[in-house]
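In: Next one to model:
(2 chains)
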Amino acid sequence: SQQGEEDPQALSIQEGENATMNCSYKTSINNLQWYRQNSGRGLVHLILIRSNEREKHSGRLRVTLDTSKKSSSLLITASRAADTASYFCATGDRRTSGSRLTFGEGTQLTVNP
Amino acid sequence: KAGVTQTPRYLIKTRGQQVTLSCSPISGHRSVSWYQQTPGQGLQFLFEYFSETQRNKGNFPGRFSGRQFSNSRSEMNVSTLELGDSALYLCASSQTSGYNEQFFGPGTRLTVL
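Out: Numbering: from 1, shown residues only, chains lettered A, B, ... in the order given. Presented below is the predicted three-dimensional model:
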């Protein structure tokens, strides 16, 4: 079963606008990762934020993490049509060892030209 | 460096057959994880292999198995295929076992008829 929930499930915006996606999770985590998936293809790693970090930037991406609320958000600024994809958050449970990730249900982002 | 490769990319099988999928991780990566993605269940962890040993296992029946070779390449096998096994199977590699970035391959699309 999916640990996380992502909100919204679908988001449609115009090019140049910002897109914000939220992710909630249930357990204590080591880190949280965001991935992008284009139409039924492999996942592309976007960013990893550790449990002791609150904010992280990478290019047009900004990720925040609030461990007290068990939530994270991904902001894509100045969106482009090429950003159209599904976005997933994934967490590593602190209670388990290894590389097991639990994924959220994903947000489908559509950026209209 | 070459990315994660998976073969074959597409596969059509009939119920009752078995199938073997292959994954070659990024050079130098020693951990390989497998995930199943379906529209109904989303992305679910199957298992992880590290140094030729299964490190973690998800909640899947014994029909799903895997192994890892000394060169870190991994295979997963599904026996006695069921219609519900139709899915995108994704392989991910990371440098070590633990909560690091995982890099995904393009996936193998399995259709069971």
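In: hey, what's residue 56 bridged with?
Out: This is for chain A. Beta-bridge partners of A:Lys56, counted by DSSP bridges, are A:Val63.
In: could you do chain B instead?
Out: Listed beta-bridge partners, B:Asn56: B:Glu48 (assigned using DSSP bridges).
In: you'd agree it is up against B:Tyr35?
Out: No: using Cβ atoms under 8 Å as the test, B:Asn56 is too far from B:Tyr35 to be in contact (11.7 Å). Heads up, the C-betas are built off the backbone N, CA and C, glycines and all.
In: Between these two, which is the more surrounded one?
Out: In this view B:Asn56 and B:Tyr35 are compared by other Cβ atoms under 10 Å in any protein chain shown, and B:Tyr35 has more residues nearby, 26 against 18.
In: And the pLDDT at the closest residue to the more buried one other than its chain neighbours?
Out: Residue nearest to B:Tyr35 in three dimensions, not counting chain neighbours: B:Leu90, with 4.5 Å by Cβ to Cβ, 6 or more residues apart in numbering or on different chains. Here, the pLDDT recorded for B:Leu90 equals 97.
In: B:Leu90 belongs to a strand?
Out: Yes: judged by DSSP: H, G, I helix; E, B strand; the rest coil, B:Leu90 forms part of a strand.
In: what about it, neighbour count?
Out: 25.
In: dump the residue contacts of it.
Out: Contacts for B:Leu90 were tallied using Cβ atoms under 8 Å, 6 or more residues apart in numbering or on different chains; they are A:Gly42, A:Leu43, B:Gln6, B:Trp34, B:Tyr35, B:Gln36, B:Gln37, B:Leu43, B:Phe104, B:Gly105, B:Gly107.
In: biggest separation within the residues you listed, which pair?
Out: The distance between the two most remote of the contacts of B:Leu90 (Cβ to Cβ) is 15.3 Å, for B:Gln6 and B:Leu43.
In: Which strand residues bridge the residue minimising distance to the centre of chain B?
Out: Among the residues of chain B, the one closest to the centroid is B:Trp34, at 3.3 Å (Cα atoms, centre = their mean). Here B:Trp34 sits in beta bridges with B:Phe47, B:Cys91, going by DSSP bridges.
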